[in-house]
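>>> turn this into a model:
(one chain, ligands or ions: 1)
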Amino acid sequence: MKNKITLSNPHLSGKELDYIKQAFNTNQVSNFGENIINFEKQLEKYLGQNSNVACLSSGTAAIHLALIMAGVKNGDEVICQSMTFSASVNPIIYLGAKPIFIDSETSTWNMCPLYLEEAIIDRISRGTKPKAIVLVHLYGMPAKLEEIVAIAKKYEITLIEDAAEALGSTYKNQKCGTFADYGILSFNGNKIITTSGGGALITKSPKTKEKVLFLATQARDYAPHYQHSEIGYNYRMSNVLAGIGRAQIEVINNYVELRRSNKDFYKSIFKDLEAITVFEEPNSDYFSNHWLSCIVIESEIAGFNREDLRLNLLRSNIESRPLWKPMHLQPIFEKFPFYGGNVSEDIFKKGLCLPSGSNLTKKDKEFISKTLNSYLNS
Ligand SMILES: *Cc1c(COP(=O)(O)O)cnc(C)c1O
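The predicted structure follows:
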């Protein structure tokens, strides 16, 4: 059988080993050295907006540290988009805080500003003002940033942008991850660029970056012996892995274009089908990296549902996956408050992510197209 076509897997540029060798040749194989300094500089330049970037061991670690920097403590409430990957929420629980989930709106699939404000007002009336908001740009689609930034400002609540899936996406030409008090990125193997595993925290303030790096390297006070007046973490990125990142960030524009062209490829396949919509930007203010190409299937019109299509693709060794199951419907999180209706639940039921790697070959696409067309015409 031919090789599996996957949803999204690492796409190496070819220069990764050069930077890794550089780390070995200079014995910079721990969490200090040229690769990490350069990777951070390149990210800062790419993101613009005077960003300061701290490279960490994962996107999850970056969210954890952003919440700590926001002052989130045991017993606090933190607002979080419900439709997301669990890593957006888990660090809230690590801190003993309580997640308050918010439904999506239909145009970007991200946090609905109306439900957000309703939740804030309700939580305040119950006597607890939320400490922070975790906003996500799902599948690379920028959220309704203007509205949400304004609400966070109005109520003076720290905003954290989970841009793990959205490196290269922009809203009104400004990069996702640079709108909020803190932004976070992920360089996990399936993301738009990778360091095999890694992440970053984005902040406007050099002082904040310094503090984040202090916390990420065991919170060691300035003293000849090991002295600690705060709890630290072992969250710094390795200089070896940062070498992978250096080679990857050099080709990001190309990778974004390739992901976006995957979306156009699926659009052409489904163009005559009323029952299937390819997920796209609501208007030209939004520019998505289309990390994953997603479709929504109206099963009553189509005569099949997303699971039928998924299983059919799987028989041809093509991976596809339902959308993120909303957090308020997850067994581990369903006991927490939720503000909204059934928007995210509905999208979850109808949606499917299709193979979207920037390394999909022409042959892969021909095979995907043939398989989809024969199913649609059967
Ligand atoms: C991947 C991802 C994360 C976590 O990043 P890791 O680097 O895997 O820890 C967080 N949030 C979202 C939305 C993600 O997709």
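
>>> show me the helices in this structure, by range?
Listed in chain order, the helices found in the chain under DSSP state H are 16-25, 34-47, 59-69, 90-94, 113-125, 145-154, 206-216, 239-249, 252-270, 299-302, 306-315, 343-350, 362-376.

>>> so what touches the shortest one?
Helix 299-302 is touched from outside by 273-276, 305-306, 350, with contacts defined as Cβ atoms under 8 Å, 6 or more residues apart in numbering. Placement of C-beta: from N, CA and C, glycine included.

>>> do the same with the first one
Contacts of helix 16-25 from elsewhere in the structure, counted by Cβ under 8 Å, 6+ apart, are 28-29, 33-35, 239-240, 242-244, 246-248.

>>> gap between the two ends of stretch 153-170?
21 Å (Cα to Cα, to the nearest Å).

>>> brain fart, stretch 106-117
Note: stretch 106-117 ends 17 Å apart using Cα to Cα.

>>> buried ones in that stretch?
108-117 (16 or more other Cβ atoms under 10 Å).

>>> number of nearby residues for the residue in the chain that the ligand sits nearest to?
Nearest to the ligand, among the residues of the chain, is Gly59, at 2.6 Å (Cβ to the nearest ligand atom). Neighbour count of Gly59, defined by other Cβ atoms under 10 Å: 27.

>>> need the per-residue pLDDT for it.
For Gly59, the pLDDT comes out at 98.

>>> quick one, what contacts it?
So, once contact is read as Cβ under 8 Å, 6+ apart, Gly59 ends up touching 87, 162, 164, 184-188, 198-200.

>>> could you do Val149 as well?
Here Val149 is in contact with 159, 179-180 (Cβ under 8 Å, 6+ apart).

>>> turn those residues into CSV, including pLDDT, distance to the ligand and neighbour count.
CSV is the format used below for the contacts of Val149 (pLDDT from 0 to 100; distance: Cβ to the nearest ligand atom, whole Å; neighbours: other Cβ atoms under 10 Å):
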residue, pLDDT, distance to the ligand, neighbour count
Leu159, 98, 15, 22
Phe179, 98, 16, 24
Ala180, 98, 14, 26
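
>>> just the ones of those in strands?
Leu159 (DSSP state E).

>>> next, see if stretch 214-230 gets close to the ligand.
No. Using Cβ under 6 Å from any ligand atom, stretch 214-230 stays clear of the ligand, with a minimum separation of 13.7 Å.

>>> no wait, stretch 93-113
No. Judged by Cβ under 6 Å from any ligand atom, stretch 93-113 stays clear of the ligand, getting no closer than 10.4 Å.

>>> quick one: distance of that stretch to the chain centre.
14 Å (Cα atoms, centre = their mean, to the nearest Å).

>>> ends of it, what's the gap?
One end of stretch 93-113 sits 24 Å from the other (Cα to Cα).

>>> try stretch 314-332
Start-to-end span of stretch 314-332 (Cα to Cα) is 29 Å.

>>> would you mark the buried spots in that stretch?
Neighbour counts over stretch 314-332 (16+ other Cβ under 10 Å) mark 316, 318-321, 323-328 as buried.

>>> do stretch 346-361 as well
347-358, 360.

>>> show me which of those residues is closest to Ser288.
Checking the buried residues of stretch 346-361 against Ser288 by Cβ to Cβ gives Ser356 as the nearest, at 11.6 Å.

>>> tell me the contacts of the closest one?
Each residue near Ser356 by Cβ under 8 Å, 6+ apart is listed here: 7-8, 259, 262, 290-293.

>>> name the residue most distant from the centre of the protein?
For the chain, the residue at maximal distance from the C-alpha centroid (Cα atoms, centre = their mean) is Pro224, at 39.4 Å.
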